[in-house]
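Novice: What follows is a predicted structure for the sequence shown.
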Amino acid sequence: MIIIKKALVLSFITLLGFFPTLGFSQENTLSEAEKKAGWKSLFDGKTTKGWRNYKKEEISKGWQVKEGALTRVEKGAGDIVTTETFEEFELILDYNISKGGNSGLMFGVLEQNGPPWHSGPEIQIQDNVDGHDPQKSGWLYQLYQPINDPKTGKTIDATKPIGQWNQIHLIISKNKSELNMNGVRYWTCKIGGTDWNDKVAKSKFAKLEMFGKAGKGLLCLQDHGDMVAYRNIKIRTLKDGVFPTSPVDGVKKVSIEPAFPNVKWHNWNEVDDKGKIAPLRPIVITNPGDGTNRIVVAMQQGQIHILANNTKADKSTLFLDISSKVRYEDKENEEGLLGLTFHPDYKKNGEFYAYYTVKHTPHLCVISRFKVSKEDPNKADPAFEDVLLQVEHPFWNHKGGTLAFGPDGYLYCAIGDGGDGNDPYNNGQKMGTLLGKVIRIDVNKRDTGMKYAIPSDNPFLDKKASPEIYAYGFRNVWRMAFDKKTGNLWAADVGQNLWEEINIVKKGGNYGWSLREGAHPFGNGSAQSYSNLIDPVFEYDHQMGKSITGGFVYRGKKIPELEGHYLYADYVTGKIWALNFDHKNNKVLGNFSIPSPMFPIITFGEDEEGEAYFAVVTANGKGIYKLLPNANTNNSTNTASKTVAAVSSEQVEFKKDHLVRIKNLIQKLKK
Ligand SMILES: [Ca+2]
Ligand SMILES: [Ca+2]
């Protein structure tokens, strides 16, 4: 008992700096965002309300609230259950277990016969080092365990050392159930499915008639004779098989229209040489910023097109084609030409910069300088390329790649963590690599022996760190952009299993990955290592979307109601939102939805006036859209519905393609 008390106190001390901005500052309370998303608390942090002993009406004195945790304090405490029953639900719970300790969380528990484990499957909760059971914490006892760590060949263990809080995230639903231990996916299963039934038949539960059969039942916390504490017990239930709808604060009535409905892309055919459909992948939409009002669209395969910023534009010019140098494969579709930006003095120096994966070496990314030709403003000089920087990646996914010049005139680049799942090399937190970082370089000067200079006020200039690093702890920033008014750097970081996040990147900041995913614990890093982490300004869970595509802060003129709002979308669910953020008070004022027919948006972009565009992958080349005001006249209702109808038929055309991508993406997310 002394041991756990000491551990608890220690944990609380180290937790003081734990959740600075997102409204998770108070243990056992729900944030506004959580309430909107349908979460309810199963423990108020002060009383044992909502819990009673199994087959009893009251709760024994063996369970008490200690330092904000529901704690099993003495012998004979007994198993406790919720006063309510649950069928399909999502549950989050923190536990803190004593040395050698053992407990468990059961669901679907019935009180008709035998002890709770006769009906309720048990998620093990125990000390993974000194616990006596070889089936470790987070395993579904006798049934499901996590996969092996590809590095060690041993079963993954994402639990933290004794005395520290661990977080279990559990979804029980008819379609698919899953468990995440400190954010790391442990197992998925279909209760009552063939695999489940096989496993049950081979387990010690085979003869128990009601095991795993309840559907609707109680949650149970097991008393295994050891000290254990629980807190932040939160649950939300599924209604008719689905979770509550997106927590939004309203709708922005913005209309979405094809930006270049008539354009013929120079040298692009829907069908390639082998007769296969070759979808157009417009991965960057930008502009040269030289007052010519042209739009530049880079394709992931390596072609950069330029065209007049006009709905009537009927053709593009191939500005530059580096596809012979770029590696892009449909089955490894996170590689290719990924970033493109024009020098702030482009009008004078004709320089622009690209980030791409090269063909000659696997998973190698480069940042290169290119130049416009001297003769033709619609052509780049194909003979000129100056490779400034190279970054080797161990895997094909998580390349990041956004390039952007800051108000300070330096070039910023977001680089992914190197790929695979769970950041296996810990690149996000490792300072000797550019993987998992936002970097900043001065392309207008050169340090000795280098193609660029390190800005003298870059934050990590000691010998152990790569001096290019500006901020760290990123997984796969998929699009970042400077707010033209405030200069803030907005970066959307794609999550792994549970959370998608939006960050405002500050110099020297640690944005958490892979110690945290969003504002939540990830993996078994020690609590001490959390002290300097910066939480996202906003996050959303995987019921709302599964892969964020960041946009930019709207500063255009056409849609006043979006002024100052950060535009972003989810690639998988196709939802689009506008986030209103109060910088002064570091607070979200509102998150608004922008109605759209489920676009798998791969990128956002701006024209010279700051008007908003986005792109989707299409087989017919018409995947670039712009946002326009939705005027309040009768006519406009017609126009808007026509637009949406047009957009919807467009959807049908690339649906097939999208499904392939979703499949790839889901495979990626499973890692
Ligand atoms: Ca147990
Ligand atoms: Ca983060």
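Specialist: Alright, I've got the coordinates. Numbers count the residues shown, from 1 in each chain. Ligands and ions are numbered 1, 2, ... in the order given.
Novice: if I pick the residue nearest to residue 81 when sequence neighbours are not counted, what's in contact with it?
Specialist: Excluding the flanking residues, the one nearest residue 81 by C-beta to C-beta, 6 or more residues apart in numbering is residue 218, at 4.1 Å. For glycine as for every other residue, the C-beta is placed from the backbone atoms N, C-alpha and C. Neighbouring residues of residue 218 by C-beta atoms under 8 Å, 6 or more residues apart in numbering: 81, 82, 84, 85, 86, 108, 109, 110, 111, 116, 120.
Novice: Helix, strand, or coil at the third one?
Specialist: In terms of secondary structure, residue 84 is coil; the call rests on DSSP: H, G, I helix; E, B strand; the rest coil.
Novice: and of the contacts of residue 218, the nearest to residue 67?
Specialist: residue 82 (21.9 Å; C-beta to C-beta).
Novice: what's the neighbour count on that closest one?
Specialist: Residues near residue 82, counting by other C-beta atoms under 10 Å, number 20.
Novice: Show the buried residues in the contacts of residue 218.
Specialist: 81, 82, 86, 108, 109, 110, 116, 120 (16 or more other C-beta atoms under 10 Å).
Novice: Just flag the most distant two among those residues.
Specialist: Comparing every pair within these by C-beta to C-beta identifies 86 and 116 as the most remote, at 14.3 Å.
Novice: still on that earlier bit, would you point out the most distant pair within the contacts of residue 218?
Specialist: Pairwise distances across the contacts of residue 218 peak at 15.6 Å for 84 and 116 (criterion: C-beta to C-beta).
Novice: if we can go back for a sec, got a markdown table for the contacts of residue 218, with distance to residue 468 and pLDDT too?
Specialist: Shown next, in a markdown table, are these (distance: C-beta to C-beta, whole Å; pLDDT from 0 to 100):
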| residue | distance to residue 468 | pLDDT |
| --- | --- | --- |
| 81 | 55 | 98 |
| 82 | 52 | 98 |
| 84 | 53 | 97 |
| 85 | 55 | 97 |
| 86 | 50 | 96 |
| 108 | 52 | 97 |
| 109 | 54 | 97 |
| 110 | 59 | 97 |
| 111 | 61 | 96 |
| 116 | 55 | 97 |
| 120 | 53 | 97 |
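Novice: Out of those residues, the closest to residue 423 would be?
Specialist: Distance ranking of those against residue 423, using C-beta to C-beta, places residue 86 first at 33.3 Å.
Novice: mind listing what the closest one touches?
Specialist: So residue 86 contacts 107, 172, 216, 217, 218, 219, 235, 237 (C-beta under 8 Å, 6+ apart).
Novice: Repeat the analysis, applying 7 Å as the threshold.
Specialist: Residues near residue 86 by C-beta atoms under 7 Å, 6 or more residues apart in numbering: 216, 219, 235, 237.
Novice: Give me the neighbour count for the residue nearest to the first one when sequence neighbours are not counted.
Specialist: In this case it means residue 216. In this structure, residue 216 finds its nearest non-sequential neighbour in residue 87, 4.1 Å apart by C-beta to C-beta, 6+ apart. By other C-beta under 10 Å, 15 other residues sit near residue 87.
Novice: Quick check on residue 87: phi, psi?
Specialist: Main-chain dihedrals, residue 87, degrees, to the nearest 10: phi -110, psi -70.
Novice: Also residue 157?
Specialist: When read as degrees, to the nearest 10, the backbone of residue 157 gives phi -130, psi 110.
Novice: Tell me how many other residues crowd it.
Specialist: Residues near residue 157, counting by other C-beta under 10 Å, number 19.
Novice: give the contact list for it.
Specialist: Residues near residue 157 by C-beta under 7 Å, 6+ apart: 128, 136, 524.
Novice: ok so, going back, now flag whichever of the buried ones among the contacts of residue 218 is closest to ligand 2.
Specialist: Among these, residue 86 lies closest to ligand 2 (C-beta to the ion), at 30.6 Å.
Novice: quick one: the closest one from residue 220, how far?
Specialist: 11 Å (C-beta to C-beta, to the nearest Å).
Novice: Beta-bridge partners for the closest residue to ligand 2 within the stretch 351-500 of the chain, please?
Specialist: Nearest residue of the stretch 351-500 of the chain to ligand 2 (C-beta to the ion) works out as residue 493 at 5.3 Å. Counting by DSSP bridges, residue 493 is bridged to residue 477, residue 501.
Novice: wouldn't it be in contact with residue 473 here?
Specialist: No: using C-beta atoms under 7 Å, residue 493 makes no contact with residue 473, being 8.9 Å away.
Novice: middle-most residue in this protein, spatially?
Specialist: By C-alpha atoms, centre = their mean, the mean C-alpha position of the chain lies nearest to residue 495, the distance being 2.2 Å.
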